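K.L.:
Quick check, what structure comes out for this input:
(2 chains)
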Amino acid sequence: MLRTHTCGQLRKSDVGTEVTLCGWVESKRDHGGAVFIDLRDRYGLTQVVVGPPEAGSELIDEAGRVASESVILIRGKVTDRLEGKVNEKLATGEIEVRSSHFEILNSCETPPFTPSQSDLPGEDLRLKYRFLDLRRGEMQRAMFLRSKIVKSMRDYFEKHDFIDVETPILGRSTPEGARDYLVPSRVHPTSFYALPQSPQLYKQILMVAGFDRYVQVAKCFRDEDLRADRQPEFTQLDVEMSFVDADDVMGLIDGLVAESAKAVLGKEISTPLPRMTYSEAMRRFGSDAPDLRFGMEIVDITSIAKKTEFRVFRGTADSGGFVRGIAVKDAASKYSRRQIDELTEYVKGDFGAKGLAWFRVEDDGTLWSPISKNFDPEHLAEIKTLLAGEPGDLLMFLADTWEVTCKGLAGLRKRLAGELGLIDKDALHCSWVTEFPMFDRDEESGRWVAMHHPFTAPLTSDLPLLEEDPQDCRAQAYDLVINGSEAGGGTIRIHDPATQSKVFDLLGIDEETAEDRFGFLLNALKYGAPPHGGIALGIDRWVMLFAGLENIREVIAFPKTQKATDLMTEAPGQVDKEQLAELQLRTVKAKKD
RNA sequence: GGCGCGGUAGCUCAAUUGGUUAGAGCCCCGGACUGUCGAUCCGGAGGUUGCGGGUUCGAGUCCCGUCCGCGUCGCCA
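P.N.:
Residues are numbered from 1 along each chain as shown, chains lettered A, B, ... in the order given. Next up, the predicted model:
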């Protein structure tokens, strides 16, 4: 080692020791006759003094010229700081190192930004110079937190007898689900590998192979548009178990959540985690990943709407639609007409709502609204009672299809809670949403599509519905929700061929197609497949949520931009003609519509 | 693909209704200084206002197009 100590290590007890430190020049205060340097590494900051009598004038001059963020090595004696010069902000603030040797290991060009500057530069610059950005304390903490979380997960599964098995990155494309990233095969021109969207099929086959309990920290890839909490390349903690039911899997993960939160954050989370069915979640919160850190539950007033003269409400209710709303506590004075108009535009633009109806609860307890003249006072009173409205509250309603009221109100709920500061940033609220529907209607084709994936087992009690009423058939599926974010999801899989073929039938996957796409899995299932199920946890999101951050890029060392590029490496990039020729590929320009 | 926000000095930002030579702080460069820790003091350099076009006597500012970054809807089994 070039160094004897790190920059975060030295204390008063080390005074008198001769040490060698290496690190980056975080800042420099040049007094002419003496130079103070804050030397930084991942462990901390130590003040180095280059001055007489230990340092000669040549050394002092050299130290005075050193550029910020240069890497230096210094040797010297640890000393007490002068009387009254202790820096209480620093762990090493009681001491300093008086340099007798000063060496620039690598000088730094003037950087576009420095890790210590208070005004964070724009994100594009941070991404282009990620090596500088990653020097920042915040990024360092996020990366260490990530490492600790993954370790806590690995420890937990090791303790519970899981085996870590690696599965291929080069697999085969299965057009179900997300768009695949494709990799052309040189050996088999015109054929392509696909990067895994998840190791789903492999882990099921590992169950058939008798491994019983499998875990993997798995890189997954989905060629879909990005979001604040979504990257095209992400990491899952992938788990599969044999001879289990949904309760077993959730119970295991309950333990993981509690142990991980304890080990990493020192937080106590009581288990079992609360559970809620999908239908309850949609009814009360309009979302399958409800944020339970605050209330503002959705209330259905369709039955009252039917009695009113207000055409929008009544018409919607009479034609099978829903009128649902939320009570926003103490919001009347905080939202101007202009701001409510903005909320209206929001629900219209983002969720296709036709409008936003609202009422203010007046001091005398009556409801006032631009539309209140369309309502009998009696009906207004009923509405107020149902929503438990109190003076100063705003009551907001959407009259629309079930789906639009869900999405719109869930969006409003989240936005308003954020704007009104109702969210406790320190809370880590974890819960389960269970009994997801098996199927969803594809808007365009009108066909049934699997809500999770086509190997998901229905609830035993719902088996008859597979034929009678697929709409109402529920799955043995469960999502882990942390602070209103989907942090993981899993299912019990179908292990019986009869059920599997019924599901394929429903999804319009004929025998030939099934054979072509997942033949290897179906084949394996014929050779002694145990009942099995599992879950995949989104590690990036876990870290983001544990860190209290709102963007996944802040916990990924080298993330991609919204257009899926890497600003540092400039990937994706052009390739040589020779490379394309070897793959027998040729690029063509897409026709513009 | 749709909608919205943003792009001005190396960085973070400002610039009145379209009006003089586009400013400030930090960084950087030069000088002074032995106790600073956001060092201080003196001096200095630094601009294709993302790019292209248009309107105008005059555009950082208005219009059109385009690129880039961010958010979001669609999408994400």
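K.L.:
only C-alpha atoms for contact and neighbour calcs from this point on.
P.N.:
Noted.
K.L.:
Give the burial count for the closest residue to residue A:74 other than its chain neighbours, as a bare number.
P.N.:
Nearest residue to residue A:74, sequence neighbours excluded (C-alpha to C-alpha, 6 or more residues apart in numbering): residue A:102, at 4.6 Å. Under the neighbour criterion other C-alpha atoms under 10 Å, residue A:102 is assigned a count of 19.
K.L.:
helices or strands up against whichever strand or helix holds residue A:102?
P.N.:
Per DSSP states H and E: residue A:102 is located in strand A:95-106. Where contact means 3 or more C-alpha pairs under 8 Å, 6 or more residues apart in numbering; DSSP states H and E, strand A:95-106 is packed against strand A:44-50, helix A:57-65, strand A:71-80.
K.L.:
can you tell which of these is closest to RNA strand B?
P.N.:
strand A:44-50 (6.5 Å; C-alpha to the nearest atom of the strand).
K.L.:
If I take that closest one and helix A:57-65, what angle do their directions form?
P.N.:
Interaxial angle, strand A:44-50 versus helix A:57-65 (axes from the mean of the first three to the mean of the last three C-alpha atoms, to 10 degrees): 140 degrees.
K.L.:
how about strand A:44-50, does it get close to RNA strand B?
P.N.:
Yes - Strand A:44-50 lies within reach of RNA strand B by C-alpha under 7 Å from any atom of the strand, at A:47, A:49.
K.L.:
With stretch A:470-487 instead?
P.N.:
No - on the criterion C-alpha under 7 Å from any atom of the strand, stretch A:470-487 is out of touch with RNA strand B, staying 9.9 Å away.
K.L.:
and that stretch, which residues are buried?
P.N.:
A:470, A:473-487 (16 or more other C-alpha atoms under 10 Å).
K.L.:
Can I get the helices and strands packed on strand A:95-106 in JSON lines including mean pLDDT and mean neighbour count?
P.N.:
Listed next are the helices and strands packed on strand A:95-106 as JSON lines, based on pLDDT from 0 to 100; neighbours: other C-alpha atoms under 10 Å:
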{"stretch": "strand A:44-50", "mean pLDDT": "97", "mean neighbour count": "25"}
{"stretch": "helix A:57-65", "mean pLDDT": "95", "mean neighbour count": "18"}
{"stretch": "strand A:71-80", "mean pLDDT": "97", "mean neighbour count": "21"}
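K.L.:
Distance to residue A:283 for these - can I get that in TSV?
P.N.:
Shown next, in TSV, are the helices and strands packed on strand A:95-106 (distance: least, C-alpha to C-alpha, whole Å):
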stretch	distance to residue A:283
strand A:44-50	50
helix A:57-65	66
strand A:71-80	58
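K.L.:
And the ones you listed: which comes nearest residue A:352?
P.N.:
Between residue A:352 and the helices and strands packed on strand A:95-106, the tightest spacing by C-alpha to C-alpha is seen for strand A:44-50, at 51.6 Å.
K.L.:
list the helices and strands the closest one packs on?
P.N.:
So strand A:44-50, by 3+ C-alpha pairs under 8 Å, 6+ apart, packs with strand A:35-41, helix A:57-65, strand A:95-106.
K.L.:
Quick one: mean pLDDT for the last one?
P.N.:
The one in question is strand A:95-106. Mean per-residue pLDDT for strand A:95-106: 96.
K.L.:
List phi and psi for residue A:25.
P.N.:
Backbone torsions for residue A:25, taken as degrees, to the nearest 10, come to phi -80, psi 100.
K.L.:
Okay, now the unreliable bits of chain A?
P.N.:
Along chain A, segments meeting pLDDT under 70 span A:590-593.
K.L.:
Quickly list the domain ranges of it.
P.N.:
According to automatic domain parsing, chain A comprises the domains A:12-106, A:140-276+A:430-556, A:294-419.
K.L.:
Relative to residue A:112, which of those domains is closest?
P.N.:
domain A:12-106 (11.2 Å).
K.L.:
Number of residues surrounding whichever residue of the stretch 51-200 of chain A sits closest to RNA strand B?
P.N.:
Of all residues in the stretch 51-200 of chain A, residue A:177 sits closest to RNA strand B, at 2.5 Å by C-alpha to the nearest atom of the strand. Look at residue A:177: counted by other C-alpha under 10 Å, it has 14 neighbours.
K.L.:
which stretches of the stretch 401-550 of chain A form helices?
P.N.:
Ranges of helices in the stretch 401-550 of chain A, per DSSP state H, counting those that start in this stretch, are A:402-419, A:465-468, A:497-506, A:511-525, A:539-546.
K.L.:
buried set for the fourth one?
P.N.:
What it means is helix A:511-525. A:514, A:517, A:521-522, A:524-525.
K.L.:
And for the last one?
P.N.:
Buried residues in helix A:539-546, counting neighbours by 16+ other C-alpha under 10 Å, are found at A:539-546.
K.L.:
any chance of those residues in JSON lines, plus distance to RNA strand B?
P.N.:
Output for those, formatted as JSON lines (distance: C-alpha to the nearest atom of the strand, whole Å):
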{"residue": "A:539", "distance to RNA strand B": "15"}
{"residue": "A:540", "distance to RNA strand B": "14"}
{"residue": "A:541", "distance to RNA strand B": "12"}
{"residue": "A:542", "distance to RNA strand B": "16"}
{"residue": "A:543", "distance to RNA strand B": "16"}
{"residue": "A:544", "distance to RNA strand B": "12"}
{"residue": "A:545", "distance to RNA strand B": "14"}
{"residue": "A:546", "distance to RNA strand B": "17"}
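K.L.:
Around residue A:128, how many other residues sit close by?
P.N.:
By the measure other C-alpha under 10 Å, the count of residues near residue A:128 is 16.
K.L.:
What residues does the stretch 401-550 of chain A have near RNA strand B?
P.N.:
Counting by C-alpha under 7 Å from any atom of the strand, the stretch 401-550 of chain A comes close to RNA strand B at A:411, A:443, A:449-454.
K.L.:
Could you pick out the buried ones from the residues you listed?
P.N.:
Among these, those classed as buried by 16+ other C-alpha under 10 Å are A:411, A:449-454.
K.L.:
hmm, back to that, specify which member of the buried residues of helix A:539-546 is nearest to residue A:384.
P.N.:
Checking the buried residues of helix A:539-546 against residue A:384 by C-alpha to C-alpha gives residue A:545 as the nearest, at 35.8 Å.
K.L.:
Distance check, the closest one against residue A:342.
P.N.:
According to C-alpha to C-alpha, to the nearest Å, residue A:545 and residue A:342 sit 29 Å apart.
K.L.:
now residue A:311
P.N.:
Going from residue A:311 to residue A:342 by C-alpha to C-alpha gives 23 Å.
K.L.:
what's the answer for residue A:10, then?
P.N.:
Residue A:10 is 56 Å from residue A:342, by C-alpha to C-alpha.
K.L.:
Compare neighbour counts for these two and give me the winner.
P.N.:
Higher neighbour count among residue A:10 and residue A:342: residue A:10, with 23 against 12, using other C-alpha under 10 Å.
K.L.:
how about the buried residues of helix A:511-525, which pair is most distant?
P.N.:
Maximum pairwise distance in the buried residues of helix A:511-525, criterion C-alpha to C-alpha, is 14.4 Å, between A:517 and A:525.
K.L.:
check contacts around residue A:26.
P.N.:
Neighbouring residues of residue A:26 by C-alpha atoms under 8 Å, 6 or more residues apart in numbering: A:37-40, A:68-69, A:115-116.
K.L.:
three-state assignment of it?
P.N.:
Under DSSP: H, G, I helix; E, B strand; the rest coil, the three-state class of residue A:26 is strand.
K.L.:
Pull the number of nearby residues for the nearest residue to residue A:494 once chain neighbours are set aside.
P.N.:
Spatial nearest neighbour of residue A:494, chain neighbours left out: residue A:457 (4.6 Å); criterion: C-alpha to C-alpha, 6+ apart. Residue A:457: 24 surrounding residues under other C-alpha under 10 Å.
K.L.:
Residue A:457 contacts residue A:490, correct?
P.N.:
No - here residue A:457 does not reach residue A:490: they are 10.9 Å apart, not a contact under C-alpha atoms under 8 Å.
K.L.:
Mutual contacts of these two, please.
P.N.:
Shared contacts of residue A:457 and residue A:490 (C-alpha under 8 Å, 6+ apart): residue A:477.
K.L.:
one step back: would a markdown table of the helices and strands packed on strand A:44-50 with distance to RNA strand B be doable?
P.N.:
Formatted as a markdown table, these follow (distance: least, C-alpha to the nearest atom of the strand, whole Å):
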| stretch | distance to RNA strand B |
| --- | --- |
| strand A:35-41 | 5 |
| helix A:57-65 | 7 |
| strand A:95-106 | 7 |
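K.L.:
Okay then, goodbye and thanks.
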